[in-house]
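Asks: 3D model of this:
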Amino acid sequence: MNKNITKDHISDFINSEFGLTKKDCNDFVKDIIEEIIIGLKKDQIVKIHNFGTFKIRNKKSRIGRNPKSKVDIMIPSRNVISFKPSKNILRKINKINDT
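Replies: Got it, this is the predicted structure:
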């Protein structure tokens, strides 16, 4: 089962759990995401205790091929974000899957 969680899902959850207004919940979620982005731009790493670590890493340029035309093209180097979950999160996931 593939379930995508959106910012609205998170806002709705916060709203139902804590009774904050929808606008406050939406602003709260947007602010958290913005802080992660700012932290990545500044330090290239954001660690959230008991959740995980977001890290920027650089992918080198490489040659790719257009599958339709079979023409080789150079794919430029770019930054990507990787996420490594904390041991705490991994333990909880594995505990859920074991039952």
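Asks: Now do the contacts for Ile56.
Replies: Going by C-beta atoms under 8 Å, 6 or more residues apart in numbering, Ile56 touches 40, 44-45, 79-82. C-beta here means a position set from N, CA and C on the backbone, and glycine is covered the same way.
Asks: and Ser11, how many residues sit next to it?
Replies: Other residues within reach of Ser11, judged by other C-beta atoms under 10 Å, total 20.
Asks: neighbouring contacts of the helix or strand of the chain with the lowest mean pLDDT?
Replies: Scoring the helices and strands of the chain by mean pLDDT, DSSP states H and E places helix 87-98 at the bottom, with a mean of 83. Outside helix 87-98, the residues that touch it by C-beta under 8 Å, 6+ apart are 50-52, 85.
Asks: again, 10 Å this time
Replies: Identification of contacts with helix 87-98 by C-beta atoms under 10 Å, 6 or more residues apart in numbering yields 48-52, 84-86.
Asks: ok so, going back, of the contacts of Ile56 - the most surrounded one?
Replies: Leu40 (16 neighbours).
Asks: you'd agree it is in a strand?
Replies: No. Counting by DSSP: H, G, I helix; E, B strand; the rest coil, one finds Leu40 to be helix, located in no strand.
Asks: What backbone torsions are found at the closest residue to Thr21 other than its chain neighbours?
Replies: The shortest distance from Thr21 to any non-neighbouring residue, by C-beta to C-beta, 6 or more residues apart in numbering, is to Asn15 (7.5 Å). For Asn15, the backbone dihedrals (degrees, to the nearest 10) come out as phi -60, psi -50.
Asks: ok, Asn15 - how many residues close by?
Replies: 17.
Asks: quick one: it from Phe51, how far?
Replies: 21 Å (C-beta to C-beta, to the nearest Å).
Asks: Done for today, thanks.
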